[in-house]
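In: Fold the following and give me the result.
(one chain, ligands or ions: 1)
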Amino acid sequence: MMNHNKKLSVTLIIVALICCFCLIIPEKAYAGSTGRVDALSYKMNLKLDVKNNSLNETVTIRFRNGTDSTLRKIYLRDMTPAILRYDMKNYPDDNKGLKTNIDAVTLKGSSKKLALTYKKRKSAVLVDLGKKGKVKPGKIGIVRVKLKTEIPNRKDRFGYQQTAKGKLYALSFCFPYLADNVNGKWQLDPYFDDGESRSWDLADYSVVLRAPRSYKVAATGASTTKGGKTVIKASDVRDFAIVACNFMKCDSFKVKDIKVNNYYLDGKYKAKYRKLTRLICKDAIKLYIDEIGKYPYDELDVVPCLFGFGFGGMEYPGLVMTNASSTFSGSMPDYWSLSDALSHEIGHQWFYSAVGNREYSEGWIDEGFTTYLERQIYALYDGDANKYLRKIDSMVPPIKRIKADNDDLMKTARKDFRNIHLNVAPNKYPKGQDYGEAEYEASFMFLQELRVQMGDELFSCFLKDFYKKYRMTRVTTKSIVRFIKQYDNTENMQKIIDFYIL
Ligand SMILES: [Zn+2]
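Out: Purely as a prediction, here's the structure:
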């Protein structure tokens, strides 16, 4: 027979064990578990104030809890504090005292402000959903973000430019979004001015932008503008961008069944800019469809921005920004760079928009495949665009020469890239490594070596099959290596992989 004290201790131990069990055991797994918190849609109400160069945003984010645990907190990303800080530090003459502020994050139908904790130099915002906002496994949550940001005066992806002809606003990286979450872990990559660190999650956007009537608006997705109000819809996109400009015009045409809106500025070399970009769109889209696969959307907007000397373009889903600086007002129009950059950015619609990857730590994936499209497929194609380019720019070498240069690069690749691995994030680079060496150059060589090892025919199948399998999903270095080995599992191939991949 147990005495009372002993009985009490045993009871306490049992209670404690039950408590521990309850704490560590996850909630019952449900059938639809994806292990992710998934942004489903963004509804944005935007107002562009061209007098004060600011943007008012109300963004409603709908997300699904695909994990097995109740979600009590979420991370949002807002890159505007990091960008404004960067601009004030690096471009202080044009940017002083810039401000951005999240006024409130609320639940749908409530005006009560949720508690926010800022992390990662304010680029990550931890939102406590409170008792009413917690989201059970498989259920949907909705939060509304009210934000006001000033727009930097900068030749960049988020910034405005005042010219003699008028004003141009590039609006991207300035919309709040749900942080990526994999297996319950939030990915909070830092803002990175040289490259990108965006979400790879696919979502739908429904956007209304109000801007003065004189502004033409280009945006990700399909849009219509009437009386200063632009209504935009975009499905299955990883990011969203707008360009608004009061001296921009548009040519629209079809390539295969894709509607291309080719915008151009009313600038110095507009006729040649317009013709060259139109021909590049036609050749590049057709080539990439043939060599890789289906274009992921119904439309593509090609939009001129003023990034300044030495800068390329920028990719977004269904929209690419070109650098029109030299053809808008420069004394030396640089058509060759324009052609390289535009054929590259269009390629990103296949690798970035369609096949997604984590841009910060595995930027080699989208940049490498796109560089391959630009340099090994587009640049070697003797189409109308390249013929016209050589006519208007005598500096462009013949195709034979470009091919020989590509081959020469391969001869020294093992020496040039002996200390470089592709799958290393910028904050983990060995001393002396710059952004781009791995992401563009070594990754291009990696794909060239794969092509030579597999042979042109098998490599072409590999590219098409790879695209078919991973289109509108996300890839990692690991999944690519696994896929490569299905096509070539020889010792030689392993040596190539071991050289480039850590
Ligand atoms: Zn790129």
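
In: Could you find the closest non-adjacent residue to residue 347?
Out: residue 373 (3.6 Å; C-beta to C-beta, 6 or more residues apart in numbering). Any C-beta I mention is one placed from the backbone N, CA and C, and that applies to glycine too.

In: State the distance from the closest residue to residue 328 other than its chain neighbours to residue 252.
Out: The shortest distance from residue 328 to any non-neighbouring residue, by C-beta to C-beta, 6+ apart, is to residue 267 (3.5 Å). Distance of residue 267 to residue 252, given as C-beta to C-beta, to the nearest Å: 20 Å.

In: These two - which one has more neighbours?
Out: Between residue 267 and residue 252, residue 267 has the larger neighbour count (other C-beta atoms under 10 Å), namely 22 against 11.

In: Confirm that the more buried one lies within a helix, as I assumed.
Out: No. Checked against DSSP: H, G, I helix; E, B strand; the rest coil, residue 267 lies outside a helix; its state is coil.

In: Is it correct that residue 470 is in contact with residue 352?
Out: No. Under the criterion of C-beta atoms under 8 Å, residue 470 is not in contact with residue 352, lying 11.9 Å apart.

In: Which of those two has more residues huddled nearby?
Out: Taking other C-beta under 10 Å, residue 470 and residue 352 do not tie; residue 352 has more neighbours (26 against 19).

In: give the contact list for that one.
Out: Going by C-beta atoms under 8 Å, 6 or more residues apart in numbering, residue 352 touches 238, 315, 317, 359, 366, 370.

In: For the stretch 101-250 of the chain, just list every one of the helices.
Out: Secondary structure of the stretch 101-250 of the chain (DSSP state H, counting those that start in this stretch): helices at 130-133.

In: Spell out which parts of it neighbour the ion.
Out: Contacts of the stretch 101-250 of the chain with the ion, taken as C-beta under 5 Å from the ion, are absent.

In: hey, where'd the strands end up in the stretch 101-250 of the chain?
Out: For the stretch 101-250 of the chain, applying DSSP state E, counting those that start in this stretch gives strands covering 115-119, 124-128, 140-150, 159-162, 167-171, 177-178, 180-182, 185-187, 203-210, 216-219, 222-226, 229-237, 242-245, 248-255.

In: winner for burial among the ones you listed?
Out: Highest mean neighbour count of the strands of the stretch 101-250 of the chain: strand 242-245, a mean of 26 (counted as mean count of other C-beta atoms under 10 Å).

In: How about residues contacting it?
Out: Under C-beta under 8 Å, 6+ apart, the answer for strand 242-245 is 46, 48, 166-172, 207, 209, 211, 215-220, 232, 263, 265, 303, 305, 319, 321.

In: circling back: now tabulate the strands of the stretch 101-250 of the chain in TSV and tack on mean pLDDT.
Out: TSV is the format used below for those (pLDDT from 0 to 100):
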stretch	mean pLDDT
strand 115-119	98
strand 124-128	98
strand 140-150	98
strand 159-162	98
strand 167-171	98
strand 177-178	98
strand 180-182	93
strand 185-187	95
strand 203-210	98
strand 216-219	98
strand 222-226	97
strand 229-237	98
strand 242-245	98
strand 248-255	97
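
In: Out of the ones you listed, which is closest to residue 490?
Out: Comparison of the strands of the stretch 101-250 of the chain against residue 490 by C-beta to C-beta identifies strand 180-182 as nearest, at 32.2 Å.

In: can you list contacts of that closest one?
Out: In contact with strand 180-182 (C-beta under 8 Å, 6+ apart) are residues 35, 36, 37, 38, 67, 75, 186, 187, 199, 200, 201, 358.

In: out of the residues you listed, what pair is the most spread apart?
Out: 67 and 358 (18.8 Å).

In: Name the SS class of residue 369, please.
Out: Under three-state DSSP, the three-state class of residue 369 is helix.

In: thought it was touching residue 350?
Out: Yes. Counting by C-beta under 8 Å, residue 369 does reach residue 350; the two are 7.5 Å apart.

In: Make CSV out of the contacts of residue 352 and add distance to residue 299, neighbour count and pLDDT.
Out: Below are the contacts of residue 352 laid out as CSV (distance: C-beta to C-beta, whole Å; neighbours: other C-beta atoms under 10 Å; pLDDT from 0 to 100):
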residue, distance to residue 299, neighbour count, pLDDT
238, 16, 24, 98
315, 15, 24, 98
317, 10, 26, 98
359, 23, 23, 97
366, 20, 27, 98
370, 19, 26, 98
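
In: what's the first-to-last distance across stretch 197-212?
Out: 31 Å (C-alpha to C-alpha, to the nearest Å).

In: Okay, the nearest residue to residue 66 once chain neighbours are set aside and the ion: tell me how far apart.
Out: Excluding the flanking residues, the one nearest residue 66 by C-beta to C-beta, 6+ apart is residue 34, at 3.5 Å. Residue 34 is 29 Å from the ion, where distance means C-beta to the ion, to the nearest Å.

In: In a helix, residue 34, correct?
Out: No. Assessed with three-state DSSP, residue 34 is coil; it does not lie in a helix.

In: Can you pull the phi/psi pair for it?
Out: phi -110, psi -10 (degrees, to the nearest 10).

In: What count of nearby residues applies to it?
Out: Neighbour count for residue 34, taken as other C-beta under 10 Å: 13.

In: okay but it is in contact with residue 68, surely?
Out: No. Residue 34 lies out of contact with residue 68 (C-beta under 8 Å); the separation is 10.2 Å.

In: Look up the residues forming beta bridges with the closest residue to residue 141 other than its chain neighbours.
Out: Distances taken as C-beta to C-beta, 6+ apart place residue 135 nearest to residue 141, at 3.9 Å, with adjacent residues excluded. On the basis of DSSP bridges, residue 135 is bridged to residue 71.

In: wait, what's in contact with residue 135?
Out: Contacts of residue 135 (C-beta under 8 Å, 6+ apart): 63, 65, 70, 71, 129, 141.

In: Quick one: buried ones out of those?
Out: Among those, those buried by neighbour count (16 or more other C-beta atoms under 10 Å) are 63, 65, 71, 129, 141.
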